[in-house]
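**Student:** For reference, the sequence and a predicted model appear below.
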Amino acid sequence: MTVLTANAEGRTELLFGNEAIARGALEAGVKVAASYPGTPSSEILENLARVAEDAGLYAEWSVNEKVAAEVAIAGSFAGLRSIVSFKHEGLNVALDTLCHVNLAGNKGGLVVVVADDPGGWSSPSENDSRPVIQWLNVPLLEPSTPQEAKDMTRWAFELSEQLGAFCVVRSTTRVSHTTGSVILGEIASRDAAAHFDTTKLFVFLPILEKHANLLAKVERAKEVFEKSPFNYYEGPEQPELMIVSSGASRLYCSEAVECQGLEERVGIVHLGTTWPVPARFVEKQLSRTSKVLVVEEVDPFLERNLKVIAGDSGWLTGDHVIYGRASGHIKPVGELSPEIVIGTLGALTGVKHEPRSKEYNRRAKQVAKELVIDREIMWCPGCPHRATFFTIKNAFRLDGRDGFVSGDIGCYALDRRGAGGYLITKTALAMGSGTGVGSGLGKLGRFGFSQPVIAVCGDSTFFHAAIPALINAKYNKSDVIVVVLDNSATAMTGFQPHPGVGLNAVGEAAPVIDIGGLCRGLDLPVEVMDPFDITGNSRRLVELMEDRNGVRVVIMRRPCALLRPPGEKPPFKVRVDVSKCRGDECGCGRYCVRTFKCPGIVWDKTTGKAQIDEAVCVGCGACASICPASAIMKEPVE
Amino acid sequence: MSEQSPGLDRLQAQVLSQGLCSFCGACTGICPYLVPFQGKVAVMDSCPVTESRCAQFCPRIGVDLDLIASSLFGAVYNGEPLGEVREVLVARSTEPEVRERAQYGGAVSTLTRVALESGLISTAVLTRLVDGVPQGVTVSSAREVLDCCGSSYLLCPVLEAFHRWQPGDNDKIGIVGTPCQTLALAHMRTCALSAKSNVGRVNLVIGLFCTWALSHDFRKVLAKCAPLSAIRRTDIPPPPANIFDVYTADKCVSMPLDQVRPFIPEACTLCWDMTSEMTDVSVGAAEGIAGWNAVIIRTEKGQELVETAASKGLLETGKLPKANLDHLTESARLKKRRALQSLVRRSGKEGDVLYLKLKRETVERILRGA
């Protein structure tokens, strides 16, 4: 029994945001959970999967977010409470299904949790999911704290069943990855029998009727939201300035008001239900003041909706004004912080406040510099991707026709940020796009396009979205080399299993889908290479680039260096023979340190030679093959 | 670009990106940054080294012919069409195993074998065709020389093999190379970083006559004649044949020379040397005398080698008839003139012949065709 499954109503526990969401789902009696990993959402399913047996639920890592949504929808159609979770990028993938299930309706409570990443800390974008949810026209809840995350998730199931529409809980990194006190509720005891009522249809037809139904559902949701306890006002009866906020940013507002001593002048409207916006509740709050500041992550979603309500109600006249990101009073991009809100409040109220003195900041930076080693963005020691990108870079240089990588989403995308200094990835869009864009580029020969293109994708990405693109390339006779970087892991998001690794979400043995076999089934030529055979692989890739002849698949196969169990001996003891190392001399020029950039090889200023950092080196031995003087020695560890 | 810039940057800016590289291999085989590949030098990464061998050894960045000639012959460069000459002969090998494989008279192969067997050198750097691609190789026995007989006409970075050679304490090396390769080798002797190369071990340089070579892309044309791995050698018979011959073990395929000329790299049009002037001895076809080589002896060492081979009965020699010598001299003169005209055109300045450091009067004399 864990805190997630403990039936301990009223007990207070310290929960991680995503843990709280999982707890909320368990309290609601969730029976089906599906997801595709992606920061900051991954821990929701990880937590549910961990207690799946105990809680009697089915949990899976699906191959992508669309399939994950469909698996959860299936549970709902069969009458089970079901949840699907993913990051904001995943919403885009699932959208094709979600924009029809909103019309088709559902039976068991169906909750979609989307975790946004303001600032794009762990993502290729900082897209705000809320405008998409508005477009889907389904109820949207935005928790601010782990407590609200749990409570809203639990309530979302009830609301979904009440309305016959799925509900969305929108988290953000600061909610999902915050730990806070949560008062546990009762774990619902629900009948888990699944049955599909064949007298009912879950389809989007007739379209106009279904559309009208959806609009009616939203109107009902709005009525519910008008009375929701998740929406409330705190502050003076008639504030000089009223903040409207949602999600984690409302905590920044409370902190800012307190810091600046504005409790008597500034009030805060906490909006927990943000679509449909409860218009009457908002109008009532607007009547308190003439100046409103909207603080939200990321887009001016509430700001624009408030302006519509304020305009319709006649409030937005004379000196009445709404400030926010759209008005330019808060920076339009990036994650918010208490400091940003303090700055904006200072500008609007005249109460300047310096959260930290300049001297404090200076000293903090100084202390941090002493404590933290400044390091470049780079791949981990022993990472097979480094060797693969070094190889591809070499192949491009040998080929000499200005080749480039059509990139994808995964650890290997760090090439774009200079992880190895190669910067050969020139396109990167979305999961599977490397192969899709590569497929397109491979058809441009008739227009004089002669640059070699290598499309890359990871093993998990391959299953997620590269397969259709690969089939497209084959079907349309594209000339492209697809390199699958198979490190036997969904490494970047935390080593969740995928169809190629032989395990499922709950740790059971699962069938292994062989990437090479699948490609051969498409009648594609497949070559499996060890990324550490740098010289041989470069030459072979050049041959493949020369032979512009359809789709060719190369699988670079070597497990992620982080998969080695703790305590397991490294394969090699690696050392530098300083008598051979050429260092700064002609013929080397710190070649290993500058071009391979493994954190395990460092430059010894005292000797002017390369050195292995034994605390960092994982003993993969890949660097031994690149030393021009054969000074890097690798000896097998017994 | 200043001398303080990384040498590789200078090499790229002044040679590689200018189409001046003749693919001799002088800058390769010494570091991981420059790799000869399919007829070009590939730059693999940036290199921060300023005092670098690649820039120093490359003759196309700048070559002082007076300095080189002085170090080889004890006299400044004479600017004559055939360069420094002691004697010009016709010669042919008497060794059957050489004659059946070699181009023309097989003099190069026999001289190399004699040099190896006499102990003049312990190793020779030669060119061998591997699947239709010429590669520089080091050999240490007379038998191995036989695998390297015949010409390919394709660019080959022979000096990469020279750089990669790891000599023992008493090893001496000989090199057989074209004008650009032997010039680069001679130039290396004059460089500040020469001690950081094998150039001090060079004890013999045999030059080959060369009008031009062909780019790597020419392999595609060759492949239409015969499988690349089956090609033994190629040849350009003397005028007026105007053809290019491709030999396999059992047949010869000819093609018009006009099909071949588009594959002449621009770098070859800027070469002023037809007979490999900076060598001990140079060898080429004796045009008009089938089955014989023309041999230009330039140094005492070259003279001794030819005499040793002749005295052992392995090389048959004779005087090159005056008409043939005149023809050879005129061909070499014309190549010099064309090259210098091209260089002046490229530089856009009268008397500026880019990489060649020559006295102005020598430049003018060559351009006049004197």
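**Tutor:** That came through fine. This structure is a prediction, so every number in the text was calculated from the model and none was measured. Numbers count the residues shown, from 1 in each chain, chains lettered A, B, ... in the order given.
**Student:** doesn't B:Lys319 make contact with B:Ala91?
**Tutor:** No. Using Cβ atoms under 8 Å, B:Ala91 is not in contact with B:Lys319; the gap is 10.5 Å. From N, CA and C alone the C-beta is placed, and that goes for glycine too.
**Student:** of these two, who's got more company?
**Tutor:** Per other Cβ atoms under 10 Å in any protein chain shown, whichever of B:Ala91 and B:Lys319 has more neighbours is B:Ala91, with 26 against 11.
**Student:** From chain A, how far out is the more buried one?
**Tutor:** Noted for B:Ala91: a distance of 40 Å to chain A, by Cβ to the nearest Cβ, to the nearest Å.
**Student:** Which neighbouring elements make contact with the host helix or strand of that residue?
**Tutor:** Here B:Ala91 sits within strand B:87-93, counting by DSSP states H and E. Using 3 or more Cβ pairs under 8 Å, 6 or more residues apart in numbering or on different chains; DSSP states H and E, the elements in contact with strand B:87-93 are helix B:107-118, strand B:293-297, helix B:300-311, strand B:315-319, helix B:322-347.
**Student:** swap the cut-off to 6 Å and go again
**Tutor:** Judged by 3 or more Cβ pairs under 6 Å, 6 or more residues apart in numbering or on different chains; DSSP states H and E, the packing partners of strand B:87-93 are helix B:107-118, strand B:293-297, strand B:315-319.
**Student:** got any ranges where the chain has weak pLDDT?
**Tutor:** By default, I'm working from chain A. A:190-191 (pLDDT under 70).
**Student:** should've been chain B
**Tutor:** For chain B, the ranges with pLDDT under 70 are B:370.
**Student:** Quick check: residues of it near chain A?
**Tutor:** B:Ile30, B:Cys31, B:Pro32, B:Phe37, B:Ala42, B:Met44, B:Asp45, B:Cys47, B:Pro48, B:Val49, B:Ser52, B:Arg53 (Cβ under 6 Å from any Cβ of the partner chain).
**Student:** are any of these buried, and which?
**Tutor:** With burial judged by 16 or more other Cβ atoms under 10 Å in any protein chain shown, the buried subset of the residues of chain B next to chain A is B:Ile30, B:Cys31, B:Pro32, B:Phe37, B:Ala42, B:Met44, B:Asp45, B:Cys47, B:Val49, B:Ser52, B:Arg53.
**Student:** Kindly present these as TSV, with separate columns for secondary structure.
**Tutor:** As requested, these are exported to TSV (DSSP: H, G, I helix; E, B strand; the rest coil):
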residue	secondary structure
B:Ile30	coil
B:Cys31	coil
B:Pro32	coil
B:Phe37	strand
B:Ala42	strand
B:Met44	coil
B:Asp45	coil
B:Cys47	coil
B:Val49	coil
B:Ser52	coil
B:Arg53	helix
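**Student:** Out of the residues you listed, give me the two with the largest separation.
**Tutor:** B:Phe37 and B:Val49 (21.2 Å; Cβ to Cβ).
**Student:** Looking at chain A, which residue reaches furthest from the middle?
**Tutor:** Residue farthest from the centre of chain A, counting by Cα atoms, centre = their mean, is A:Ser579 at 47.5 Å.
**Student:** And the residues of chain B next to chain A, which two are furthest apart?
**Tutor:** It's B:Phe37 and B:Pro48 that sit farthest apart of the residues of chain B next to chain A, by Cβ to Cβ, at 22.7 Å.
**Student:** just the helices in chain B please.
**Tutor:** Secondary structure of chain B (DSSP state H): helices at B:7-14, B:53-57, B:65-73, B:96-99, B:107-118, B:142-146, B:158-164, B:179-189, B:218-225, B:257-260, B:266-269, B:300-311, B:322-347, B:360-368.
**Student:** can you pull the contacts of A:Pro37?
**Tutor:** Applying Cβ atoms under 6 Å, 6 or more residues apart in numbering or on different chains to A:Pro37 gives the contacts A:Thr490, A:Thr493, A:Gln496.
**Student:** can you pick the most crowded of these?
**Tutor:** Counting neighbours by other Cβ under 10 Å, A:Thr490 leads those with 27 neighbours.
**Student:** Would you tell me what helix or strand the residue nearest to that residue when sequence neighbours are not counted is located in?
**Tutor:** Sequence neighbours aside, A:Ser460 is the residue nearest to A:Thr490 in space, at 4.0 Å (criterion: Cβ to Cβ, 6 or more residues apart in numbering or on different chains). Using DSSP H and E, A:Ser460 sits within helix A:459-461.
**Student:** Beyond that helix, next helix or strand please.
**Tutor:** Counting by DSSP H and E, the element after helix A:459-461 in chain order, helix or strand, is helix A:467-475.
**Student:** buried stuff in that next one?
**Tutor:** In helix A:467-475, counting by 16+ other Cβ under 10 Å, buried: A:Ile467, A:Ala469, A:Leu470, A:Ala473, A:Lys474.
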